[in-house]
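Undergrad: Would you be able to build a 3D model of this:
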Amino acid sequence: QVQLVESGGGLVQAGASLRLSCTASGRFFGNYLVAWFRQAPGKEREFVATISWSGASPYVTDSMKGRFTISRDNAKNTVYLQMNSLKPEDTAVYSCASGPPGGSYDGYYWGQGTQVTVSS
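TA: Residues are numbered from 1 along each chain as shown. You can find the predicted model right below:
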């Protein structure tokens, strides 16, 4: 069982930066992946980035590369999503999920999400 808690969301102006945190507790393994997703009102869930707890294979989806970075701190059991040059279209609930590689994201453990609102 893995528990995930996201934090770091908030209301910012366009061009600002935020760093989201996904902190895990419980039993998980180094090869587990942690993925960030976001969902805006009325839109489908969108994949943002992924990394393994071991730090291997960090990946940010193409449309967000250059602005978003994913990293982890094993000592704190935390994965970060650094978001720079935020735009109003980045407004969404951001959630993290963790599970074994190759598995369906729907079967992953999920956090409750954190709201990010970017004003123009």
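
Undergrad: For the residue nearest to the spatial centre of the chain, list each beta-bridge partner.
TA: Computing the C-alpha centroid of the chain and ranking residues by CA atoms, centre = their mean puts residue 36 first, at 2.8 Å. Using DSSP bridges, the beta-bridge partners of residue 36 come out as residue 49, residue 96.

Undergrad: Show the contacting residues for it.
TA: The contact partners of residue 36, taken as CB atoms under 8 Å, 6 or more residues apart in numbering, are 20, 22, 47, 48, 49, 50, 70, 79, 81, 94, 95, 96. Backbone N, C-alpha and C define where each C-beta goes, glycine included.

Undergrad: Can I get the residues you listed in CSV including distance to residue 62 and pLDDT?
TA: Converted to CSV, the contacts of residue 36 look like this (distance: CB to CB, whole Å; pLDDT from 0 to 100):
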residue, distance to residue 62, pLDDT
20, 20, 98
22, 21, 97
47, 11, 97
48, 11, 98
49, 11, 98
50, 13, 96
70, 14, 97
79, 20, 96
81, 16, 98
94, 18, 98
95, 20, 98
96, 20, 98
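
Undergrad: which of the residues you listed are buried?
TA: Taking 16 or more other CB atoms under 10 Å as the criterion, what is buried in the contacts of residue 36 is 20, 22, 48, 49, 50, 70, 79, 81, 94, 95, 96.
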